[in-house]
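Asker: just to be clear, the model below is a prediction. Sequence and coordinates:
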Amino acid sequence: MGRRDQWKQVQSGIYDPSLKARSVEERETVPDIACSLCKNFAESAYASDGRGLCKVLKIGSDISVTPNVYVLEGEVGYPAYFTTDASSCKYFERMDFIDTDGSEVADPNFRRVQRQMEKKFK
Amino acid sequence: MAAQPAKDISTQELEQKQEWWWIAEKKRSKRLDYLRKAVWKKGALGGNYAPGIKVDLEIPQLFTNMWNFWKYDPAMLRRAKSMAHVLENMPIFITDHAQLVGYMGTLPHTLAWRVDGATMVNEELYNEPGVMPEPEQESLKKVANLNAYWAGNTAVDKLARVLDPEDAVKFLSGAIGWGAPTSAYGYSGKDYEFMFAQRHGFKDIIDLIDENIEKAEDLTMGKPGPEILPVYDRIHNWDAMKIMLNAAISYAGRYARLARILAEHYETDPKRKEELLRVAKTCENVPAKAPQTFQESLQYDHFVQMLARLEAHEGAWPARPDYYHWPMYEKDVIKEKNITREEALDLVGEFMIRAYEVGGFGPRWAREGLQGITGTWVWTLGGVNKDGSDACNDLTLAFLQAARLVRVANPTFGFRWHPKVRDEVMREVFECIRHGLGYPSIRNDPLLIQNAMHWHGHPLEEARTWVHQACMSPCPTTKHGVQPMRMASATANCAKMVEYALHSGYDHVVQMQMGPKTGDARKFKTFDELFAAWTQQMKWIINTLVRTVNLGRYKDPEFYGRPFLSAISERAVESGLDVVSPVGDRGNCWVTGFTWVENVDSLAAVKKLVFDEKRYTMDELLTALESNWNGYEQMRRDFVSDAPKWGNDDDFVDEIMVRCLQEVAKHSKEIKCPSGNNWPLLPENVSGNIHYSSIVGALPNGRRLGDALYDGGISPGPGLDKKGPTAVLKSCGKIDHVGDGRAFLLNQRLSPTQLAGEKGYQLWKAYIRTWADLGLDHVQFNMVSDETLRAAQRDPEKYQEVIVRVAGYSAHFVDISRKTQDNIIQRTVQGI
């Protein structure tokens, strides 16, 4: 795969097309084991809509299929969303501290200021 | 015992306590007092909007309905028709006691939402706590439906599809820069020369467009040939501009009708009734015709700003109000005495409050980077006329005086200092600073005019019209000089340059190979090897950002476009091209350099402690950095205290600053904007130093991941400038403020106690003379004591009106995050 095609694959993962079709109910649901609860998930500091990258899994991984595909080598993390269901991911590690405040500043490692997270944790 | 109410304390006593906000409340008129207190604060508190602030959903719905209806029209025409529908149907309001009208939302507490700008922002809005109008569930459904319609079809989505995917992904990491490369967001200059100096009302512009259409139709109805083919599109564009101008006249007419209805059917106070009828008459005259009175002049300007902000999320407010409103002020206040100076001061104060009211929903990175405000409304005062004579006038004084009465954090002022400025004006400038406003910033006018000519080739007369395009960068207000879209995405998180040089381009925060692989820094044997790696990373970051912005600009007429902004720009009215097209634009781009000085202090520390003195090895340094200095505290302290720091007149580190800047300046001439002009660096920070604090890893200047970065520009690190204000100025004076970059922000804190009274003014004036003699282009001051700021942290309710200079803008101290507050307090208070 050439350079452009490789990055296209990453780009399409970050621009999750499923965002387009989601209903209000789907948008409001945060699974009990979601990427947003995992210490290996880092939210993007640019697009603060809840998208981010996994710090363990790399691009090419897929935790939505059975069995999960885990790629651990690579130069770009696996793109995920704060509501991504991580119940089958063996690298899921629950965070002790969830920051839903947002009055301070971006912290890709702790910040989870989406309204849905506030409802779940406050 | 209860504290004595401020209204019962004498002005003299309040002055001694430096509680300037109570003095303002005592001194301003009842009208200004009401309007100032009635206005809703739209700036984010840290990263969150204040309670009660809601997003306007009505305008996005009106716009989307019509956008869908006109789906077969060319882009600019489609946008114009959709916007005209908004202007015809959006609810409007007039605030009690107001003499100026117009807002970009349907209610005073609403934030405008540019629904067609970026899907990411739309999704962020859906997830944002607190901003949905009640009932929340209903609003969420509306937003979800709008987001579904626009997903994949916004300006940023369209651009993302044509960008190189590697650039797009790395940009979206949030690590190297910010902004959105589309005119849906960003800074839009206004062609004030066309509107105000040449006195064109909207009907006059429609006449000009009609003449151009007529000439164009001679071509399209004439002999066939390739030269007439672009003309068809231009006719559509002119039609779009006309639609916007006519819709704007009708929109003003709606305010006129509302004011008249209120006056004739509801108002019982004869004085207010008279005012409302004057508002009606004003809105019937402007923007249809060129203004004839001072009130009309301000109202015309305010309508232009609101209409432009309804069309796009404008992040800045380039303006020069004392220059362009002077003719009507002079006529009404000085020559014909139609209104008193006090009445004019009321209008000026209200003009500022109306700007303070403005707010749009911005993404979190923008809120964190501009804490406390909704955009950089830096208005330009002073300076010179086109012939080089002093442009300061009585309206300059009125703006400076009104600022102290209304004490808004936005707009702020940048004052174009030059040697001919009268003492009377300098005293008013100083009074604003002494009152703790943090503005005006002081700009070196002769030097910046020279700089504009050097970097972008502006002719002298054009350069002399310059205004602050955003916080800092001077841009002219003329046909070819005005910059219709400047995207903040050419804003570099410069600390990553040295971070990537040390980690061979790998970013340990976002876990991605970002920059080029410049080699294992553990193996570097000389400082020059490290510097060569730094240069490569610097070029990579700047190139990535500039490529993105250039493409955004080139594609913008197709992906977004600005029919209203085009209609008030001589270049577009003449050519029939969307004003965002680079054709005919001289080009005056710049790369904003956030977190710049960290490079200099970090490189100096490595040079001294590793390569020169050999106290540590590169391996030890890299190991410590990879551990975020954890377990290496003594070593970290050595890198803080034993390495020279910028701002102390120390040639060891100052030479590195100059070397870095010259390397960038060289590269700035190698890369070009779509008009073929240069991309110089402009180091400054707003509150990006706080936003990026959790994104920049550990650095050799002793900083850990999460620590606040320096406050920016060429300001020394907080508390690290230990040799006094003259040493700071001398360090900064080693930079060539013409050839080494576009402009250089310098924050300084001064002691309010030392600068009290006449002696204080004379000290400050002497400081400014030294600043000018050393050839610096910018300086801005905080003059609020540690005691007051600490008290405000302890008891924010009591200190709601304390204002501080953050960097490039001012904010109410209570509106910025704790980390930003601490960063400001930490800055050295310089005794002069």
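Answerer: Happy to help now that I have it. Residues are numbered from 1 along each chain as shown, chains lettered A, B, ... in the order given.

Asker: going by C-alpha atoms from here, please, whenever you check contacts or count neighbours.
Answerer: OK.

Asker: next, the most far-flung residue of chain B relative to its centre: secondary structure please.
Answerer: Largest separation from the mean C-alpha position in chain B: B:Lys223, at 48.5 Å (Cα atoms, centre = their mean). Recorded secondary structure, B:Lys223: coil (DSSP: H, G, I helix; E, B strand; the rest coil).

Asker: show the contacting residues for it.
Answerer: For B:Lys223, the contact set (Cα atoms under 8 Å, 6 or more residues apart in numbering or on different chains) is empty.

Asker: how about B:Leu298?
Answerer: B:Leu100, B:His325, B:Phe351.

Asker: those residues in helices, which ones?
Answerer: Among those, DSSP state H puts B:Phe351 in helices.

Asker: out of the contacts of B:Leu298, flag the one nearest to B:Met783.
Answerer: B:Phe351 (25.5 Å; Cα to Cα).

Asker: that closest one: how many residues sit nearby?
Answerer: As a burial measure, B:Phe351 scores 24 neighbours (other Cα atoms under 10 Å in any protein chain shown).

Asker: is the biggest helix by length in chain A up against chain B anywhere?
Answerer: Ranked by residue count and defined by DSSP H, the top helix of chain A is helix A:3-14. Yes - counting by Cα under 8 Å from any Cα of the partner chain, chain B has neighbours in helix A:3-14: A:Arg4, A:Trp7, A:Lys8, A:Val10, A:Gln11, A:Ile14.

Asker: wait, doesn't the last one sit right on A:Arg51?
Answerer: Yes - counting by Cα atoms under 8 Å, A:Ile14 sits close enough to A:Arg51 to count as a contact (7.5 Å).

Asker: quick check: phi and psi on B:Arg486?
Answerer: Torsion angles at B:Arg486 (phi, psi; degrees, to the nearest 10) stand at phi -130, psi 120.

Asker: can you tell me the closest non-neighbouring residue to it?
Answerer: Once flanking residues are discounted, B:Arg486 sits nearest to B:Tyr187: 5.1 Å by Cα to Cα, 6 or more residues apart in numbering or on different chains.

Asker: roughly how far does the one you found sit from B:Thr282?
Answerer: Note on B:Tyr187: its distance to B:Thr282, by Cα to Cα, to the nearest Å, is 28 Å.

Asker: got the residues of chain A near chain B?
Answerer: Residues of chain A lying near chain B (Cα under 8 Å from any Cα): A:4, A:7-8, A:10-11, A:14, A:19-21, A:23-24, A:42, A:44-50, A:53, A:55, A:75-77, A:102-108, A:113-116, A:118.

Asker: could you list which of the contacts of B:Leu298 also contact chain A?
Answerer: Applying Cα under 8 Å from any Cα to the contacts of B:Leu298, one finds that nothing falls near chain A.

Asker: of the contacts of B:Leu298, closest to chain A?
Answerer: B:Phe351 (30.0 Å; Cα to the nearest Cα).

Asker: pLDDT at the closest one, what is it?
Answerer: B:Phe351 carries a pLDDT score of 98 in this model.

Asker: which residues does it contact?
Answerer: Contacts of B:Phe351 (Cα under 8 Å, 6+ apart): B:Leu100, B:Leu298, B:His302.

Asker: make TSV out of those and add pLDDT.
Answerer: Converted to TSV, the contacts of B:Phe351 look like this (pLDDT from 0 to 100):
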residue	pLDDT
B:Leu100	98
B:Leu298	98
B:His302	98
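
Asker: OK, contacts around residue 84?
Answerer: Using chain A here. Per Cα under 8 Å, 6+ apart, neighbours of A:Thr84: A:Val30, A:Pro31, A:Ala34, A:Cys35, A:Ser36.

Asker: try chain B instead
Answerer: With contact taken as Cα under 8 Å, 6+ apart, B:Ala84 is in contact with B:Ile243, B:Met244, B:Ala247, B:Ala248.

Asker: the last one and B:Ala308 touch, don't they?
Answerer: Think B:Ala248. No - B:Ala248 lies out of contact with B:Ala308 (Cα under 8 Å); the separation is 10.4 Å.

Asker: out of those two, which sits in the busier spot?
Answerer: For B:Ala248 versus B:Ala308, neighbours defined as other Cα under 10 Å are more numerous around B:Ala248 (24 against 20).

Asker: that one belongs to a helix?
Answerer: Yes - assessed by three-state DSSP, B:Ala248 belongs to a helix.

Asker: pLDDT below threshold where in chain A?
Answerer: Under the criterion pLDDT under 70, the flagged ranges of chain A are A:15-21, A:122.

Asker: circling back: intersection of neighbour lists for A:Ile14 and A:Arg51?
Answerer: Shared contacts of A:Ile14 and A:Arg51, defined by Cα under 8 Å, 6+ apart, are found at A:Pro79, A:Ala80.

Asker: okay, those two: which has more neighbours?
Answerer: A:Arg51 (25 against 20).

Asker: phi, psi of the nearest residue to that one once chain neighbours are set aside?
Answerer: In this structure, A:Arg51 finds its nearest non-sequential neighbour in A:Tyr81, 4.3 Å apart by Cα to Cα, 6+ apart. Backbone geometry at A:Tyr81, expressed as degrees, to the nearest 10, gives phi -120, psi 160.

Asker: equivalent analysis for B:Asn48, please.
Answerer: phi -110, psi 150.

Asker: and it, how far from B:Leu111?
Answerer: Counting by Cα to Cα - B:Asn48 and B:Leu111 are separated by 13 Å.

Asker: can you check which residues contact both of those two?
Answerer: Residues touching both B:Asn48 and B:Leu111 (Cα under 8 Å, 6+ apart): there are none.

Asker: remind me, longest strand of chain A?
Answerer: Looking across chain A with DSSP state E, the single longest strand is strand A:51-58.

Asker: burial of residue 60, as a residue count?
Answerer: Using chain A here. When neighbours are counted by other Cα under 10 Å, A:Gly60 comes out with 19.

Asker: sorry, should have said chain B
Answerer: B:Pro60, neighbours per other Cα under 10 Å, totals 17.

Asker: need the contact list for residue 64.
Answerer: I'll assume chain A. For A:Ser64, the contacting residues are A:Asp85, by Cα under 8 Å, 6+ apart.

Asker: wrong one, I was asking about chain B
Answerer: Residues counted as contacts of B:Thr64 (Cα under 8 Å, 6+ apart) are B:Ser82, B:Leu146.

Asker: gap between it and B:Trp113?
Answerer: 12 Å.

Asker: and if you look at B:Gly43?
Answerer: From B:Gly43 over to B:Trp113 (counting by Cα to Cα), the distance is 14 Å.

Asker: ditto for B:Val55
Answerer: Separation of B:Val55 from B:Trp113 (Cα to Cα): 7 Å.

Asker: show me whatever sits in contact with both of these two.
Answerer: Common neighbours of B:Val55 and B:Trp113, using Cα under 8 Å, 6+ apart, are B:Phe361.

Asker: can you give me the strands for chain A?
Answerer: Ranges of strands in chain A, per DSSP E, are A:41-43, A:51-58, A:77-81.

Asker: now these as JSON lines including distance to B:Thr119?
Answerer: Listed next are the strands of chain A as JSON lines, based on distance: least, Cα to Cα, whole Å:
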{"stretch": "strand A:41-43", "distance to B:Thr119": "17"}
{"stretch": "strand A:51-58", "distance to B:Thr119": "12"}
{"stretch": "strand A:77-81", "distance to B:Thr119": "15"}
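
Asker: now A:Ile59. Nearest residue, chain neighbours left out?
Answerer: Of all residues not flanking A:Ile59 in the chain, A:Tyr78 sits nearest, at 4.3 Å (Cα to Cα, 6+ apart).

Asker: okay, now the one you found: neighbour count?
Answerer: For A:Tyr78, using other Cα under 10 Å, the count is 25.

Asker: isn't it up against A:Ile63?
Answerer: No - using Cα under 8 Å as the test, A:Tyr78 is too far from A:Ile63 to be in contact (9.7 Å).
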